[in-house]
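Peer 1: One predicted model, sequence on top.
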Amino acid sequence: MTTTKSEWESVIGLEVHVQLATKAKLFSGASAHYGAKPNSQACAVDLAFPGVLPVLNREVLTMAVRFGLSVNADIGKRSIFARKNYFYPDLPKGYQITQFEHPIVGRGTLPVITEDGRNLSIGITRAHLEEDAGKSLHDAFNSMTGVDLNRAGVPLLEIVSEPELRSAAEAVAYLKTLHALVGYLQICDGNLQEGSFRCDANVSVRKKGAPEFGTRAEIKNVNSFRFVEKAIEYEIARQIQVLEQGGTIVQETRLYDSAKNETRSMRSKENANDYRYFPDPDLLPVEVSQAFIDEVATTMPELPWQKRLRLQQEYALSEYDANVLTSNKALCDFFEEALAHTKASAKITANWVMGELSALLNKNNLDIEQSPISARALGGLLSHLADNIISGKIAKTVFEKMWSSGEEASVIIEREGLVQENDSAALEKVIDELMLANPSQLAEYRSGKDRLFGYFVGLVMKQTAGKANPAQVNELLKQKLAG
Amino acid sequence: MTLSIKKVQETAYLARIAMSDAELNRCHHEIEQIFTLIDQLQAVDTKGITPLAHPQASQQRTVADKVTESDQHEKFQALAPAKQLDYYLVPQVIE
């Protein structure tokens, strides 16, 4: 698609459905646990049997208030559940219980740092409680649709942003921040594959400087950060192309097809925009007292942006390092635990957690919680490095052995005799011998071929099986080679 | 407020209710009567009165986050017109 993109500005607002990590459902005592046998966790309330009444799970109020406090939002002290009416087989009641006019969380702001280091403050319009629908399976049964209602009634917090995001990259930065936040708050397991964190994107474009928003399209249910970025980029390009060819954008719902990398109109939704909301007569207004809000406030964890600042101030880490470490609560916890058990500096520890460890975890498709090397064990390894007992190079070897054997660093270092040689007399002897054995290279070096310094370093490391202290090797070699 | 037959048809479609012309006409008439009642209610001056979300002046009761239901899908599915592999089966309605 060729477009003169620079004249256009995109306007993006996101609606994120966060599945709250409760044990039971929003209005019933059925389990909300993921992955059970179809329909084994759908009770009479979830199935909308006649005569059943919904009763509110208290825990969701705590979780919603936690979220509200974290983004400095107004808490709705009196919120009301409404019925959103539409027909679909995975919605047995024929309506979804949600909050419409009076949500539990009002206006707030989320601080976001973009990939290129810009600080944004994105407005949160509202966040409201609602129940999830069941799941339809379209392909498995001969011309019929299979319905699994285990998910029906699972609590969701729908978090709506202001249309203040201006690119797909900003949208992804917002999503990643929000994803980390709900993890810190321990209100959501954040599992994207299982649909615990789902995103709808409202996308429109307008000429730069135009006061009015363009007509928007809503892209539904994209469940990975990469696909959100691609779907939004595709949609922006599509809308610009339509407008530049003199067409108009229709307000509609579009579905992202990751296999084809395109968005498609969902025609079935065209007639369904009249949801006929009204207050649910089965549910009374929900009142949240100031005492309850104050109590929740005392249980608030350190938030990612507070942690980010602390890491910079307390450990003198760069903004970038602090940002990477706090992008995931478990990663940051790991870093701080390793740091508490090591003599190495914060910077060295951070480098190892973000570098060697993260690389191996990625390669093996593991989360930080599944790391075969504990934070304490990594701290132990780095202490040996800080004490000059092993070199950085040997540390990497020991690290890999710890990964596969689960042994402590000290055990491996001792058994395999990997202790660094800090004996300068022994090292001098090695260097003297190597100089004698390589007279032509020595002569070349002395006549100005500085590059050969590395050659000698390599020889020394080889001769000492990597156990020489690199700093010491550099220093001694410089002296000796200079003659 | 007047209601067109077309609106009734659209509403019936949203609720997936098939209606004959006779039924549509009857329903149209009945809903119009309800609307007349609503018009009467709308005429009442409610200035300065907080909207009421529920006739009971009380607040929602809550329960602890505890799983209290057991798996009874066999009993529930005994009532379903079609089922397979523990799924409820319904006619395909999606594009």
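Peer 2: Structure received. These numbers come from a predicted model, not from an experiment.
Peer 1: Now do the strand or helix carrying B:Leu24: which elements does it pack against?
Peer 2: Assigned by DSSP states H and E, B:Leu24 belongs to helix B:21-42. Packed against helix B:21-42 by the contact rule (3 or more CB pairs under 8 Å, 6 or more residues apart in numbering or on different chains; DSSP states H and E) you find helix B:5-14. Glycine gets a C-beta too; all of them are placed from N, C-alpha and C.
Peer 1: got the contact list for the helix it packs on?
Peer 2: Helix B:5-14 has contacts (CB atoms under 8 Å, 6 or more residues apart in numbering or on different chains) with A:85-87, A:271-272, A:274, B:18-19, B:24-25, B:27-28, B:31.
Peer 1: re the thing from before, output the helix holding B:Leu24 as PDB, nothing but the C-alphas.
Peer 2: Output in PDB follows, covering the C-alpha atoms of helix B:21-42 (Å, rounded to 0.1, in the frame of the first residue of the first chain):
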ATOM      1  CA  ASP B  21     -47.700 -10.600   9.900                       C
ATOM      2  CA  ALA B  22     -50.600 -11.200  12.300                       C
ATOM      3  CA  GLU B  23     -48.200 -11.500  15.200                       C
ATOM      4  CA  LEU B  24     -46.300  -8.400  14.100                       C
ATOM      5  CA  ASN B  25     -49.500  -6.400  14.000                       C
ATOM      6  CA  ARG B  26     -50.600  -7.600  17.400                       C
ATOM      7  CA  CYS B  27     -47.200  -7.000  18.900                       C
ATOM      8  CA  HIS B  28     -47.000  -3.600  17.300                       C
ATOM      9  CA  HIS B  29     -50.300  -2.600  18.900                       C
ATOM     10  CA  GLU B  30     -49.300  -3.900  22.300                       C
ATOM     11  CA  ILE B  31     -46.000  -2.200  22.300                       C
ATOM     12  CA  GLU B  32     -47.600   1.000  21.300                       C
ATOM     13  CA  GLN B  33     -49.900   0.800  24.300                       C
ATOM     14  CA  ILE B  34     -46.800   0.300  26.500                       C
ATOM     15  CA  PHE B  35     -45.300   3.400  24.900                       C
ATOM     16  CA  THR B  36     -48.400   5.400  25.600                       C
ATOM     17  CA  LEU B  37     -48.000   4.500  29.300                       C
ATOM     18  CA  ILE B  38     -44.300   5.500  29.100                       C
ATOM     19  CA  ASP B  39     -45.400   8.900  27.600                       C
ATOM     20  CA  GLN B  40     -47.700   9.400  30.600                       C
ATOM     21  CA  LEU B  41     -44.800   8.600  33.000                       C
ATOM     22  CA  GLN B  42     -42.500  10.900  31.000                       C
END
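Peer 1: can you give me the offset of that helix from its chain's centre?
Peer 2: Centroid separation between helix B:21-42 and its chain, computed with CA atoms, centre = their mean, to the nearest Å, is 17 Å.
Peer 1: And stretch A:404-412, by the same measure?
Peer 2: Computed by CA atoms, centre = their mean, the chain-centroid distance of stretch A:404-412 equals 30 Å.
Peer 1: quick one: contacts of it?
Peer 2: Stretch A:404-412 has contacts (CB under 8 Å, 6+ apart) with A:372-373, A:377, A:380-381, A:384, A:398-399, A:401-402, A:418.
Peer 1: swap in stretch A:35-44?
Peer 2: A:28-33, A:52, A:134, A:146, A:148-150, A:152-153, A:194, B:69, B:71-73, B:76-77, B:85-88.
Peer 1: orientation of the least confident helix or strand in chain B by mean pLDDT relative to helix B:21-42 in degrees?
Peer 2: For chain B, counting by mean pLDDT, DSSP states H and E, helix B:5-14 ranks last in confidence among helices and strands (a mean of 87). Relative orientation of helix B:5-14 versus helix B:21-42 (axes from the mean of the first three to the mean of the last three CA atoms, to 10 degrees): 100 degrees.
Peer 1: can you dump the C-alpha coordinates of helix B:5-14 into PDB?
Peer 2: In PDB, the C-alpha atoms belonging to helix B:5-14 read as follows (Å, rounded to 0.1, in the frame of the first residue of the first chain):
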ATOM      1  CA  ILE B   5     -43.900  -1.800  12.200                       C
ATOM      2  CA  LYS B   6     -40.400  -1.800  10.800                       C
ATOM      3  CA  LYS B   7     -38.900  -1.100  14.300                       C
ATOM      4  CA  VAL B   8     -40.900  -4.100  15.600                       C
ATOM      5  CA  GLN B   9     -39.500  -6.300  12.800                       C
ATOM      6  CA  GLU B  10     -35.900  -5.100  13.600                       C
ATOM      7  CA  THR B  11     -36.400  -5.800  17.300                       C
ATOM      8  CA  ALA B  12     -37.800  -9.200  16.600                       C
ATOM      9  CA  TYR B  13     -34.700  -9.900  14.400                       C
ATOM     10  CA  LEU B  14     -32.300  -8.900  17.200                       C
END
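Peer 1: partners of whichever helix or strand comes after the helix holding B:Leu24 in the sheet?
Peer 2: Downstream of helix B:21-42, the first helix or strand assigned by DSSP H and E is strand B:62-63. Using DSSP bridges, the strands paired with strand B:62-63 are strand A:56-57 (parallel).
Peer 1: tell me the mean pLDDT for the strand it pairs with?
Peer 2: The average pLDDT for strand A:56-57 rounds to 98.
Peer 1: now swap in stretch A:352-359 and tell me
Peer 2: 95.
Peer 1: Of all the residues in it, which ones are buried?
Peer 2: Across stretch A:352-359, burial judged by 16 or more other CB atoms under 10 Å in any protein chain shown covers A:352-354, A:356-358.
Peer 1: How about residues contacting the longest helix out of those in chain A?
Peer 2: The residue-count maximum for a helix in chain A (DSSP state H) belongs to helix A:225-244. Applying CB under 8 Å, 6+ apart, the contact partners of helix A:225-244 are A:1, A:3-5, A:8, A:10, A:12, A:168-169, A:171-172, A:175-176, A:179, A:192, A:199, A:201, A:203-205, A:214, A:217, A:219, A:222, A:248-249, A:254, A:256, A:258, A:261-263.
Peer 1: Can you flag the buried ones in the residues you listed?
Peer 2: By 16+ other CB under 10 Å, the contacts of helix A:225-244 give A:3, A:8, A:10, A:12, A:168, A:171-172, A:175-176, A:179, A:192, A:199, A:201, A:203-205, A:214, A:217, A:219, A:222, A:249, A:254, A:256, A:263 as buried.
Peer 1: Sort out which of those residues are in strands and list them.
Peer 2: Counting by DSSP state E, the buried ones among the contacts of helix A:225-244 place A:8, A:10, A:12, A:199, A:201, A:203-205, A:217, A:219, A:222, A:254, A:256, A:263 in strands.
Peer 1: mind putting these in TSV, pLDDT and distance to A:Thr326 included?
Peer 2: As requested, those are arranged in TSV below (pLDDT from 0 to 100; distance: CB to CB, whole Å):
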residue	pLDDT	distance to A:Thr326
A:Trp8	93	34
A:Ser10	95	28
A:Ile12	97	24
A:Cys199	94	21
A:Ala201	96	25
A:Val203	96	29
A:Ser204	95	32
A:Val205	95	33
A:Ala217	92	34
A:Ile219	93	29
A:Val222	85	25
A:Arg254	90	34
A:Tyr256	89	29
A:Thr263	88	33
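Peer 1: which among those residues gets closest to chain B?
Peer 2: Of all those, chain B sits closest to A:Arg254, with 13.0 Å by CB to the nearest CB.
Peer 1: Need the nearest residue in space to the closest one, chain neighbours excluded.
Peer 2: Spatially, and ignoring its direct neighbours in sequence, A:Arg254 is nearest to A:Thr263 (4.1 Å; CB to CB, 6 or more residues apart in numbering or on different chains).
Peer 1: picking that back up, need the buried ones from the contacts of stretch A:35-44 selected in PyMOL.
Peer 2: To isolate the buried subset of these in PyMOL, counting by 16+ other CB under 10 Å, use the following:
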select buried, (chain A and resi 28+29+30+31+32+52+134+146+148+149+150+152+153) or (chain B and resi 69+71+73+76+77+87+88)
